[in-house]
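Enquirer: Here you go, sequence then predicted model.
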Amino acid sequence: MASRGIRDRVAIVGMGCTRFGEHWDRGASDLLVEAALEACESARIEKAAIDAYWMGTLTSGQSGLILSEPLKTGYRPITRVENFCATGSEALRNAAYAVACGAYDLVMAIGVEKLKDSGYSGLASAGSSPTDGTQSSMTAPATFSLLAPAYSKKYGLDEGTLRQVLTRIACKNHANGARNPKAQFQRAVPAEKIESAPKVAGMLGVFDCSGVSDGAAAAILCRAEDAHKYTDTPLLIKALSFIAGPADGAKRQDYDYTTFPEVVATAADAYQQAGVRDPREEISLAEVHDCFTPTELVLMEDLGFSRRGNAWRDTLDGRFEISGAQPVNPDGGLKSFGHPIGASGLRMMYEMWLQFRGQAGDRQVSAPRLGLTHNLGGAPGRCVSFVSVVGAN
Amino acid sequence: MAGILHYGSYVPFRRLERSSLAGGGRGERAVASFDEDSTSLAVEAGREALRGCASPPGSLLVASTSHPYAEKLNASAVHAALDLPPAVCSADLASSSRSGLAALALASELSKSAPVLACAADVVVGAPSGPRESAGGDAACAFLIGDEPGAGAAILGTASQTEELLDAWRGPEQQFARQWEERFVEQRLVPALGSVFERCLERAGLAVSDLTGIAVDTAHPRIAGSFASNAGLQPGQLVDDLAASVGRAGAANAGLLLARMLDSALPGDRIAVLSAADGAEAVIVEVTKQIAKARPRRSVAQWIESNRGGLPYQTYLKWREILPFEPPRRPDPPRPAAPPMQRAERWKYAFVGSRCLDCGAINLPPQRVCVQCGAVDRMDSVACADAKARVATYTVDHLAYSLQQPVIAAVVDFDQGGRIACELADVEPDKVTIGQELEMTFRRLYTAEGVRNYFWKARPLRGPETR
């Protein structure tokens, strides 16, 4: 795969993010308005200054009208974007390319999801097209739970140790979320509670799963040379990579459920665009798609933060804690910040925005050089993947 | 002379102990799983009967008192699952438990030009705590009847008698059948059995004493007893009716008893099977030297032996949709749509995949572009229903919609190549292991807006195989 990238050509100059959680009192429209106006305020602009919008959601509506109508954007281009759980990142990527190519000067990427109105447990898929009824009924936690036994078997990890590793990931992300006023769950959760939670799928309990959540997040982008008009501390895009994989993991016997080849490919592409040679050393912090605890474990290896078969050890060593050498999900991640699908990719970027501007409060990572966001959609063996690299200069 | 070219049987995996029923009783009854119905049971028995057959039958009969559809041909799903050619005539026989043996007798008449596959299957449901719930059983059988040499058993004679009799009845508006007093029914059915038995013996040119085994299918044990003493049967001629291990399996019962006798019969044995309901039916066969070739992979005894008991009564009532229950807090599964089902017919019903002509990779479901080498439209069909498979990995899904949670989902690798992710059937969460051997089974995944959604699941191997 070859991509030229747009390294340092586009900057994020404003961001907004609602609190994620159960917003019984607000609909998708309200959340969109809230995130959009907060982003405008942070870029010190009026919404009329925005030339075009990329709006991402999986289930909360179709077409650009779901944004234009509540926000009263007048007569503006609004593209509705959807790419599973990587929808928010896709809105950002397409918006960035639009300013990079010069089609527009100032654009907004915004994502929203209103999940809690359905009344269902977990994710309920959107009204899908008619089928022949032969599709696998496996839910999201079930598909991701397949990673755990496969990883144990491949690296000779006993179930007890693996459980300890997954618990550590959940504990870490809950502890980080406890320091985040916008997170869905703002409480540290003790290991015993995580391990005694009701089972959802395989060895995954309720605390191994990301929060089902409502929320919205937005970013305002312009070409890097214009960034100073809006802020003294823009966030520069170093790399954007996105892949829709061949979806053949459940068709080919050579897939072993211990890796996301799509993530490996997007990471390699992003590192090449950004000039990163050694991600373990060069990436100061990362927001990754911890939809379920085993996902984060495997991602550490797919992103090159840990050597193959070593992520469990790095996790237990505390490498990925805020105080560790390479903080991962300092904002609490999908696990405790919550996972309103269309908003999540932009929420990850929101943490980068805060961290690189020194606004992350108790979660502040000192002197970050490069940050990474990773967003995934689908299931092991059948997924889309997004990786970005960002920095302050 | 028509004969039984091949046959097959099927008894579901689960058992309900009668001691757990309000009505009590001895032994246990076979119980179709929550994802089985008479169509899926007929498919399992039909697969057993057709396995290894060189050519398909000319027609298909499916008999049941519990057809899943009141309107829409039920035999067509069996036809599709057995991957029979479109020109095969398919028809349902229904409403009476006698229709099972009648299908076999009709098949012997119809088989002059081409063999007929006569299937019978039933999921017998009775009102809670009633005799039918306790005495009933769920099972299926299938007989390929042909007028050609090489039959495993020659059909020496058949006889039938029809009676307009209010014995068991159930209208479309009723969930459970009712039954008239058995003493009244007895005085009509015992003579009917005697009559068909006598005529059948006459057609076969045999005397009662020539028969090695006689099976009598009836709802009331006293009817079989009265018939046996009236007909002058010798002790030992009347065979066990499987009441204690399977239960009376409706339209499938007579055929199941015949299959069990054929499983262990010797060449020269003469066997009679009778069925009493709305009159009576009788068939007499003589076992030939070719019987071994006619036998299925698994015997009735093996199906019976391979079981899991201890089904809680409450679970049974839930499976039969007698007891309402709190649905999972998940969206209802979508109704499958007719055009996609038609496009995927051989995959969905017969589990036929595609194989790449260039690289040999098996693509499941069939693909246009090869998953392995990328060749375009270079595929031929490959049958996968009988392919052995193994658990590559699996999980227990507590969240997925099912009548029986949790769903055990697995990634399944086939020995001949190819992989799918599907549900496991007839399995306990703590009994699954990676590498475990599996075989495919035709199931009803769910019902949505009245549409019975059939597809395949994998199950652990059901007991030993004989061929």
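Expert: Yep, that arrived. Numbers count the residues shown, from 1 in each chain, chains lettered A, B, ... in the order given.

Enquirer: What residues does residue B:22 make contact with?
Expert: Residue B:22 sits next to B:128, B:129 when contact means C-beta atoms under 8 Å, 6 or more residues apart in numbering or on different chains. (Glycine included, C-beta is placed from N, CA and C.)

Enquirer: quick one, phi/psi of it?
Expert: Note on residue B:22: backbone dihedrals following degrees, to the nearest 10 are phi -60, psi -40.

Enquirer: ok, which stretches of the stretch 251-393 of chain A are helices?
Expert: Secondary structure of the stretch 251-393 of chain A (DSSP state H, counting those that start in this stretch): helices at A:261-274, A:279-282, A:293-302, A:311-316, A:333-337, A:341-356.

Enquirer: Highest mean neighbour count across those helices, which stretch is it?
Expert: With neighbours defined as mean count of other C-beta atoms under 10 Å in any protein chain shown, the helices of the stretch 251-393 of chain A peak in mean count at helix A:333-337, which reaches a mean of 32.

Enquirer: Look at residue A:42 and tell me its secondary structure.
Expert: Assigned with DSSP: H, G, I helix; E, B strand; the rest coil, residue A:42 falls in the helix class.

Enquirer: So what's the residue count around it?
Expert: With neighbours defined by other C-beta atoms under 10 Å in any protein chain shown, the count for residue A:42 comes to 21.

Enquirer: Provide a list of residues in contact with the closest residue in space to it that isn't next to it in sequence.
Expert: Leaving aside its chain neighbours, residue A:42 sits nearest to residue A:14 (4.1 Å; criterion: C-beta to C-beta, 6 or more residues apart in numbering or on different chains). Contacts were defined as C-beta under 8 Å, 6+ apart; by that measure residue A:14 touches A:39, A:40, A:41, A:42, A:43, A:44, A:45, A:219, A:220, A:230, A:231.

Enquirer: Now residue 243. Its backbone dihedrals?
Expert: You didn't say which chain, so I picked chain A. According to degrees, to the nearest 10, residue A:243 has phi -140, psi 140.

Enquirer: ah, no, chain B please
Expert: According to degrees, to the nearest 10, residue B:243 has phi -60, psi -40.

Enquirer: Would you agree it is in contact with residue B:135?
Expert: Yes - if you go by C-beta atoms under 8 Å, residue B:243 and residue B:135 touch, sitting 6.8 Å apart.

Enquirer: now residue A:16: how far from chain B?
Expert: 31 Å (C-beta to the nearest C-beta, to the nearest Å).

Enquirer: One more: residue A:300?
Expert: Counting by C-beta to the nearest C-beta, the gap from residue A:300 to chain B is 21 Å.

Enquirer: Skipping its backbone neighbours, what lies nearest that residue in space?
Expert: residue A:311 (3.8 Å).

Enquirer: Surely the one you found touches residue A:297?
Expert: Yes - counting by C-beta under 8 Å, residue A:297 is a contact partner of residue A:311 at 5.2 Å.

Enquirer: Contacts only, for the residue nearest to residue B:280 when sequence neighbours are not counted.
Expert: Excluding the flanking residues, the one nearest residue B:280 by C-beta to C-beta, 6+ apart is residue B:192, at 4.0 Å. Residues near residue B:192 by C-beta under 8 Å, 6+ apart: B:161, B:163, B:276, B:279, B:280.

Enquirer: re earlier: does the residue nearest to residue A:42 sit in a helix, a strand or a coil?
Expert: What three-state DSSP gives for residue A:14 is strand.

Enquirer: Any idea what it is bridged to?
Expert: Counting by DSSP bridges, residue A:14 forms beta bridges with residue A:220.

Enquirer: same deal with residue B:456?
Expert: With DSSP bridges as the rule, residue B:456 is bridged to residue B:442.

Enquirer: wait, isn't it in contact with residue B:386?
Expert: No - Residue B:456 lies out of contact with residue B:386 (C-beta under 8 Å); the separation is 11.3 Å.

Enquirer: and chain B, what are its domains?
Expert: Domains of chain B are assigned by automatic domain parsing as B:3-319, B:351-384, B:387-467.

Enquirer: Pick the most deeply packed of these.
Expert: domain B:3-319 (a mean of 21).

Enquirer: Report the mean per-residue pLDDT for that one.
Expert: Averaged across domain B:3-319, pLDDT comes to 96.

Enquirer: So what's the gap between it and the chain middle?
Expert: Relative to the centre of its chain, domain B:3-319 is centred 9 Å away, using C-alpha atoms, centre = their mean, to the nearest Å.

Enquirer: And stretch A:362-380, end to end?
Expert: The straight-line separation of the ends of stretch A:362-380 (C-alpha to C-alpha, to the nearest Å) is 34 Å.

Enquirer: So stretch B:358-378, near chain A or not?
Expert: Yes - in terms of C-beta under 8 Å from any C-beta of the partner chain, part of stretch B:358-378 sits within range of chain A, namely B:363, B:364, B:365, B:367, B:371, B:372.

Enquirer: Those: which two are farthest apart?
Expert: B:365 and B:372 (14.7 Å; C-beta to C-beta).

Enquirer: quick one: the spatially closest residue to residue B:315 that is not a sequence neighbour and residue B:456, what's the gap?
Expert: Leaving aside its sequence neighbours, residue B:315 sits nearest to residue B:404 (C-beta to C-beta, 6+ apart; 7.4 Å). From residue B:404 over to residue B:456 the distance is 17 Å, taken as C-beta to C-beta, to the nearest Å.
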